[in-house]
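Peer 1: 3D, please:
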Amino acid sequence: MAVCTFLLIVAGAAVTSHDAGLSVPDWPTSFGSLYRIPPMVGGVEFEHGHRMVAQFVGFLTIILAVWTQRVERRPWVRALAWAALAIVVTQGILGGITVLFRLPPAVSTAHATLAQTFFCIVVSIALFTGRGWVEEAPLTLVRHERPTLTTLTALAVCAVYVQLILGAAFRHSGMKLLPHLVSAVVVTTVLLWTSIRVLSRYGHVRPLRRPAVVLLTLLFVQLSLGFGSYLTRVEWGKGLPEGGFSMVLATVAHVAVGALLLAASVILAIQSRRYTAKEERSVTKGNEVVAA
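Peer 2: Model prediction:
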């Protein structure tokens, strides 16, 4: 589910980068048919391909919700699976509205943002149902510090999420680039602070160290892709035909890595909550606490 959802986000980014959002002018049909595949040429290849991947992800989500309801004992995990199904239905409706109303900027931005939300939910379900989460008993050293690690990681998630909204607004509504750039500075600061805190003080805790390393690596990749997207789309793109390969590649990769960055920050926030949320049941030893 997580892999397919990531591919769906990539497919959606390709639609926007190729300006192919209205290549199939009707919905829920495609050129008047619910089952016939239209000629996959030009923008239709990207728009109808995106719809096909979305339908497959929707089918998987139904299976996930039903299967989780049958075999999962934790009520909150079952609720999360049904929430994923509700979101994917809403996402499909938003996608249809973008076609029927000729790409309204607010709806297109909401469509892109909700896709990132759905991706995070699916990644979280994968984490919660994984063997490491189910079988591993969290026991680690935590320190009293301000801001706490849970607060800092939650701030990181919020910062990345806002940045993705601003990026979607820039791509879909033509919003000025400045807010996205200013937010990028904030995101970089928060993610560096969070990653360094984890690696310097909790580096011995693998469930915290691994997402922190991934987060830090993706941050530098994303900054490079953001600069590349600016050059190809804003500067070099002035001399390139619309949809030039370099511009499409840079912008699609930028969106894709942004999704991975958000997912990594969510995983780190979840793990930090799990490994530091039991301080009230802890035994104090000097400046450190052994979590019960």
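Peer 1: Lowest mean pLDDT among the helices and strands of this structure, which one is it?
Peer 2: strand 283-285 (a mean of 39; mean pLDDT, DSSP states H and E).
Peer 1: and the gap between Tyr230 and Ala156?
Peer 2: Taking Cβ to Cβ, to the nearest Å as the measure, Tyr230 falls 23 Å from Ala156. C-beta: built from backbone N, CA, C; applies to glycine.
Peer 1: For these two, work out which one has more neighbours and name it.
Peer 2: Ranked by neighbour count (other Cβ atoms under 10 Å), Tyr230 and Ala156 place Ala156 first, with 26 against 18.
Peer 1: Hmm, Leu191 and that one touching each other?
Peer 2: Yes. Using Cβ atoms under 8 Å, Ala156 is in contact with Leu191, at 5.7 Å.
Peer 1: Spell out which residues are contacts of both of those two.
Peer 2: 215, 265 (Cβ atoms under 8 Å, 6 or more residues apart in numbering).
Peer 1: gap between whichever helix or strand Ala259 is part of and the chain center?
Peer 2: Element membership for Ala259, per DSSP states H and E: helix 245-276. Relative to its chain's centre, helix 245-276 lies at 6 Å (Cα atoms, centre = their mean, to the nearest Å).
Peer 1: Enumerate the positions of it that are buried.
Peer 2: For helix 245-276, the neighbour count (16 or more other Cβ atoms under 10 Å) marks 247-272, 274-276 as buried.
Peer 1: and if you look at stretch 102-119?
Peer 2: Buried residues in stretch 102-119, defined by neighbour count with 16+ other Cβ under 10 Å: 103, 107-119.
Peer 1: Sketch out the helices for the stretch 101-250 of the chain, chain order is fine.
Peer 2: Using DSSP state H, counting those that start in this stretch, the helices of the stretch 101-250 of the chain run over residues 105-128, 131-135, 149-173, 178-201, 206-230, 245-276.
Peer 1: Of all these, which one is nearest Arg73?
Peer 2: helix 131-135 (10.5 Å; Cβ to Cβ).
Peer 1: Show me what the closest one packs onto, helices and strands only.
Peer 2: Judged by 3 or more Cβ pairs under 8 Å, 6 or more residues apart in numbering; DSSP states H and E, helix 131-135 is in contact with no other helix or strand.
Peer 1: mean confidence score for that helix?
Peer 2: For helix 131-135, mean pLDDT rounds to 85.
Peer 1: Can you mark which positions in it are buried?
Peer 2: Buried, per 16+ other Cβ under 10 Å, within helix 131-135: nothing.
Peer 1: and if you look at stretch 179-186?
Peer 2: 179-180, 183-184.
Peer 1: Please apply the same query to stretch 154-169.
Peer 2: For stretch 154-169, by 16+ other Cβ under 10 Å, it's 154-157, 159-161, 163-169.
Peer 1: what about Arg201, how many neighbours?
Peer 2: Per other Cβ under 10 Å, the neighbour tally for Arg201 reads 15.
Peer 1: Could you shift the numbering so residue one becomes 319, and keep it that way?
Peer 2: Right, with 319 as the first residue, what we last looked at is Arg519.
Peer 1: where does the stretch 319-468 of the chain dip in pLDDT?
Peer 2: For the stretch 319-468 of the chain, the stretches with pLDDT under 70 are 455-462.
Peer 1: how about the strands in it?
Peer 2: Remark: strands assigned in the stretch 319-468 of the chain by DSSP state E, counting those that start in this stretch are 459-461.
Peer 1: quick one: the spatially closest residue to Ala577 that is not a sequence neighbour and Gln409, what's the gap?
Peer 2: In space, and not counting its chain neighbours, Ala577 is closest to Ile327: 5.0 Å by Cβ to Cβ, 6 or more residues apart in numbering. From Ile327 across to Gln409, the span is 11 Å (Cβ to Cβ).
Peer 1: Mutual contacts of these two, please.
Peer 2: Common neighbours of Ile327 and Gln409, using Cβ under 8 Å, 6+ apart, are Ala433.
Peer 1: Make sure Gly360 is actually in contact with Ser341.
Peer 2: Yes. Gly360 is within contact range of Ser341, at 6.5 Å (criterion: Cβ under 8 Å).
Peer 1: out of these two, which sits in the busier spot?
Peer 2: More crowded of Gly360 and Ser341, by other Cβ under 10 Å: Ser341, with 20 against 11.
Peer 1: quick one, what contacts Arg396?
Peer 2: By Cβ under 8 Å, 6+ apart, the residues touching Arg396 are 386-387, 390.
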